[in-house]
Structure formats: C-alpha cells, structure tokens
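A.B. asks: Provided below are the primary sequence and the corresponding predicted coordinates.
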Amino acid sequence: MTMGLYEIFLQPFVEFGFMRRALVACVALALGSAPMGTLLVLRRMSLMGDAMAHAVLPGAAIGFALAGFSLPAMGAGGLAAALLVAVLAGWVAQVTTQREDASFAAFYLIALAAGVLIVSTHGSPVDLMHVLFGSILAVDDTALITVAGVASVTLLVVAAAYRPLLVASVDPGFLRSVGGHERALHFVFLALVVLNLVAGFQALGTLMAVGLMMLPATAARFWAREVWSLAATATAIALVSGAGGLLLSYHLQLPSGPAIVLLAGAAYLVSLAAGRHDSLLARRTALHAHRVA
Amino acid sequence: MRRLVSLAIVCALLGLALPLRAETARPLQVVASFSILADMLREVAGDAAQVHSLVGANADAHVFEPTPADAQRLARADLVVVNGLHFEGWIDRLVRSSGYRGPVIEATRGIEPRRVGRAVDPHAWQSLAHAQRYVENMRAALVAAAPSQAAAINARAAAYRERIAALDASARAAFEAVPRDQRRVVTTHDAFGYLGDAYGITFISPRSWNTDSEASAAGVASVIRQVRLHQARALFVENITDRRSIERIAQETGARVGGTLYSDALSPPAAGADTYLRLYAHNVKSIAVALQAVAAR
C-alpha cells in the first residue's frame, strides 16, 4: 500500500476532530512554552518544569477536599500551590545567596510531601492526578481555550516586556544597577512559567507540557545565539515535533504524548551531534581548523 | 479559497454519511474503558457487537496513554461504556474530544456507591450484586443500540446474570465456613471494599486508596499490629501495584504472602483471571482458602 502526501500529512487532520484539536493544542503550547523554556535554559532553571509537576499535588488535593470532584477547583488549587512554590523559591534566591535551583528543589519536595500527606489522610478512592492531568488526545473545549488563552497572555507579556525580561535573564545585576524592577519582573516571569506548565499539565499531561517546553529550548542552543533567534528556533522545533509526533503516532499506532516528546528528544540529539554552534561536530571541525592553522 | 469550500463540503457530506453507515448489518462497535467492562459487554452482546477495551488486560488505568487509533475507535463507535463514579479520570475527556456523539453509558448507573469519607469508591464491580446492575445497564444500552438483536441480547444477559448469581451463592457458601470475626485480609490496594461489604470481610490495607498515596510509617505499623492481633496468616498482592510494602509487612509479622488478587484489570489469557467471572472466582477462592487455613488452626 502506498500513501500519497495527502494521506500522510493532511488526511488524519481533515478526517478527525480530535487530531485537529491535538494539533491546535500543540501549536498553542509551542507558542507559549518554547520562549519560556528558552529563558529558563538561559537562567539555568531547566529542571523547574519537573519540580512544578510535583508542586501541583497539594493544591489539587486541597481543592478536592474543599470542593469534591471539580476540575476547576482542583486546577485552581494546583495553580495556586505551584505559584506559591515558585514565589517562595524566587524570594529565597533573592534574599539569600542560595541559588534558585536549590531553593526550588527544597520547596517542591516540601510541597510534594505535603500533597502525599493530604491525599493519604483525606483518602480518595480515585487517583486525583489521573483526574486532573490529561492527554494530548483528550483535549476538550475548556482545555483548548485554557491553553490558547495562556499562550496569548504569555506572548503579549513577553512582547511588552521583552528587553527587561531579557536583561533580567542574562544579567540581573545590570538591570538592578540601572534601576529596573528586577524583582517584580522575576516574579512575572515565574508566574508565566507556572501558568504555562499548569495549563499544559491539565490539558496535555505532565510529560507533554514539560517535554515541549524544555527539549526544543535546549536543542535550539546548538543552532542560534541571540535570544530572539533561540526562542524562534525553539518554537519551530516544538511545532515540528508536535505535528510530526501526532502524525507518527497516528500512522504507527503509538501513544501520542511519548511520540511527540521523543521526536523533540530526537531533535535535541541531532542538534547536539550536528548543530551549528558548539555541537560535537562543530567542536571537532573547530579543533581541526585550529590544528591546521 | 474554492478548494477550502469544497473541502468543507466534502467534510459535511462525510458527516452526513456516518450515521447511515451505522445502519448497515456490520456488528455494533462498542468501546469500553477497561478490560472488565469489555468482558461483561462481550458476554452480553455475543456476536451482535465488536467490543474494544481502551485500557487492556493487566494494564494500569492510571498510566494509560491513548493512541490516535483509540480515539479513532471512539469516534467511530456506536456505544461507549464507562464505569462512572470518577473511576475513569480524563478518559471522560478523551471520549468528548474524540468527536463521539453517541450515548455514553455509565455501567454503575442506579448503584448506591460506597462512600469513604466524602469520596465515593468507584470499584463497584467487586460486588456481584452490583455486577447484576452492570449487566442490566449494558443489556438496556445494547438493545437500544441494536433493536433487531434484542431477543438474543436479552437471552444472553439473562443467562449471564444466572451465572453471576450462582457464583455469588458459591462465594457466600465458601465464606460461611469461616467465623465472621476471622474474616480479615491484608491487601495492597483498597479496591475490595465492595467485596468486603458483600461477604462480611474486613480488608486491612497499608496503602490508602490509590497508586499515588504512600503508606505512612504509622499506617504500616498499625497494619503490622493488626496482622499480629488478628493472626492473619495471608497477605494479598494486587496485580498492578508494588509488592514491596506487603513483603515488608510479611517479614515483620512472619505471615506468608498468599497470592494475587485482581482488582482493576483482567489477567492476560491463560493466567486464570482472564474473564470477569474467572477473576471474581479466583479472588473468592484465594481469600476463602487463606481464611479457612487460619480458621483451621
């Protein structure tokens, strides 16, 4: 059986509403998350996404204890808990000499333990995280609007505060010295990251949300130098991984979330091996050129 | 632009054609959320339906990752059956986003659920009395979807319900042999509350309620104390969770690990619990044998 380009690339999306929804969710997630991922990599906070996935638990459990099985209540609780962890970790990093990754690790572990404690004592016979976290193929209208809304807000804020955000990521000391609102900006940035992650968790699951935020951003480092081009490259890689992963999982009957994240992972490995800057190949050629010279 | 318009027209025509296709003589396409429901549906529907289970045998619904083929089957299904009582989690959302517009039947409809605090326990299939209601809900839904097959479906449902009733009677007889205050069992997962209520068995569990929450130190200690106090000699491990916490308790109390109880998923074929009735009979037999051994001492 031979398949034409139409059957390979378009037919799945034309025929099935769930594939279109998944694609739109991927696009929204890529547009919002990839720039955030880029800034996180610049700030050496690449593991924050994983920390947030765990920090959500106590808030969701409290939302469940207060309101029962209400997705909005559990989602809002999760968002509040993750924001609290981010703000506390950011605050500790600013008032002490402790690095932000360390304070993040501390606060997310506290949150995770609190969450397990709350779930265990106020037992629910149903897995709360399973109710809360979705899959890329299970995107309903509410989830789609949430992800798209968060992506829009993210892009607007990044556009409005591009330069200060950039300076705060690359050289926070300089921003302070010229009287910028470094602290406020930092919290705005953290809030955006948390918003993107929690919306992504709820709509698409933790694997997808963190995977599409971080893998394209780390891969882009091997291709681009300026922050804008890093973010653009990361977004492009995220878009291609999202669409490609969906098609791959459609034609080969693979689970969609892992297929998309693995494709982004493949993009990272290829970039690592053969990217333009600082990749294994680039280093070898540079070394060679050096020796010859 | 014109191409877009014609594409839209083609899509609309395809949409119109879909319900027509369902009217033809092909078997009813039924999707169940997990393996136990799928097995019950196969028993009731017989040849009238092709049943597909989203979460397969021996798989954990908590880590289920759907493929587009799953969503496709949902979109093309004539009938979707879920457990309800929040057991399925985001699988409900998967059904909605797949574009499926037909009926979604909750197998637990009409059942008064067990409550644990303010939460309901969704594992109602662990009671054979509730299983009768599952079968009745499935029968009604299948007959509504395929009226021409009504006679065959009704006959199969009646026969299946008789087999369920017979198993219930034999389970009751098996547990009668054990004094009520000795019917105490330790398991990894509190999925057997309904079974316990049905036959007066107390289930003691070191883990509370789901695969996420962990046993607390005090919880494990209290179970060890309870196992010693009630001289339980058998501990059961579920097919889908970690056996380490149970083995820890077994070592501390000197009790033996009794075997596997199946809760949320059928076993693979040939492992002895590959249908709902075999699963239930296996659980009853394992528990009864263990309890009778305790009673005999």
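C.D. replies: That came through, no problem.
A.B. asks: Just give me how far the longest helix along chain B sits from the chain centre.
C.D. replies: If you go by DSSP state H, chain B has its longest helix at helix B:150-176. Helix B:150-176 sits 17 Å away from the centroid of its parent chain (C-alpha atoms, centre = their mean, to the nearest Å).
A.B. asks: repeat for stretch B:76-86
C.D. replies: With C-alpha atoms, centre = their mean, you get 13 Å for stretch B:76-86.
A.B. asks: Now it: average pLDDT?
C.D. replies: On average, the pLDDT along stretch B:76-86 is 93.
A.B. asks: Pull out the buried residues from that stretch.
C.D. replies: B:Arg76, B:Ala77, B:Asp78, B:Leu79, B:Val80, B:Val81, B:Val82, B:Asn83, B:Gly84, B:Leu85, B:His86 (16 or more other C-beta atoms under 10 Å in any protein chain shown). (C-beta placed from N, C-alpha, C; glycine too.)
A.B. asks: out of those, who's nearest chain A?
C.D. replies: Nearest to chain A out of the buried residues of stretch B:76-86 is B:His86 (C-beta to the nearest C-beta; 4.7 Å).
A.B. asks: Same question for the closest one, what's its three-state structure.
C.D. replies: For B:His86, the secondary structure call by DSSP: H, G, I helix; E, B strand; the rest coil comes out as coil.
A.B. asks: Next, it: phi, psi?
C.D. replies: Main-chain torsions, B:His86, degrees, to the nearest 10: phi 70, psi 10.
A.B. asks: Pull the contacting residues for the residue in the stretch 151-293 of chain A positioned nearest to chain B.
C.D. replies: At 3.5 Å from chain B, A:Pro255 is the closest residue in the stretch 151-293 of chain A, using C-beta to the nearest C-beta. With contacts defined as C-beta atoms under 8 Å, 6 or more residues apart in numbering or on different chains, A:Pro255 is in contact with A:Ser249, B:Glu65, B:Pro66, B:Thr67.
A.B. asks: Most neighbours of all those residues, which one?
C.D. replies: With neighbours taken as other C-beta atoms under 10 Å in any protein chain shown, the top of the contacts of A:Pro255 is A:Ser249, carrying 28 neighbours.
A.B. asks: Verify the stated contact: that one with B:Asp70.
C.D. replies: No - checked against C-beta atoms under 8 Å, the pair A:Ser249 and B:Asp70 is beyond contact range at 10.4 Å.
A.B. asks: what mean pLDDT does the longest helix of chain B have?
C.D. replies: On average, the pLDDT along helix B:150-176 is 96.
A.B. asks: same for the very next helix or strand once past it, what does it pack against?
C.D. replies: Toward the C-terminus, helix B:150-176 is succeeded by strand B:184-187 as the next helix or strand (DSSP states H and E). If you count contacts as 3 or more C-beta pairs under 8 Å, 6 or more residues apart in numbering or on different chains; DSSP states H and E, strand B:184-187 packs onto strand B:202-204, helix B:217-230, strand B:234-238, helix B:276-296.
A.B. asks: now do 6 Å
C.D. replies: On a contact count with 3 or more C-beta pairs under 6 Å, 6 or more residues apart in numbering or on different chains; DSSP states H and E, strand B:184-187 meets strand B:202-204.
A.B. asks: Just the buried positions in the strand it packs on, please.
C.D. replies: B:Phe203, B:Ile204.
A.B. asks: got it, and stretch B:37-54?
C.D. replies: Neighbour-count burial for stretch B:37-54 flags B:37-46, B:48-54 (criterion: 16+ other C-beta under 10 Å).
A.B. asks: State the distance from A:Thr233 to A:Leu262.
C.D. replies: 19 Å (C-beta to C-beta, to the nearest Å).
A.B. asks: Who has more neighbours out of the two?
C.D. replies: A:Thr233 (22 against 17).
A.B. asks: need the next SSE after the host helix or strand of that one, C-terminal direction.
C.D. replies: Per DSSP H and E, A:Thr233 falls inside helix A:227-252. Under the assignment DSSP H and E, the closest C-terminal helix or strand after helix A:227-252 is helix A:256-274.
A.B. asks: Now do that next one, average pLDDT.
C.D. replies: Helix A:256-274 carries an average pLDDT of 94.
A.B. asks: Send me that helix as CSV with only the CA atoms.
C.D. replies: What follows is helix A:256-274, C-alpha atoms only, in CSV (Å, rounded to 0.1, in the frame of the first residue of the first chain):
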residue,chain,number,x,y,z
SER,A,256,0.8,10.4,21.2
GLY,A,257,2.4,12.1,24.2
PRO,A,258,5.6,10.0,24.2
ALA,A,259,5.8,10.1,20.4
ILE,A,260,5.8,13.9,20.4
VAL,A,261,8.3,14.2,23.2
LEU,A,262,10.6,11.6,21.7
LEU,A,263,10.6,13.5,18.4
ALA,A,264,11.6,16.6,20.3
GLY,A,265,14.2,14.5,22.0
ALA,A,266,15.5,13.3,18.6
ALA,A,267,15.7,16.9,17.5
TYR,A,268,17.9,17.6,20.6
LEU,A,269,20.2,14.6,19.9
VAL,A,270,20.6,15.7,16.2
SER,A,271,21.3,19.2,17.3
LEU,A,272,23.8,18.0,19.9
ALA,A,273,25.6,16.0,17.2
ALA,A,274,25.4,18.3,14.2
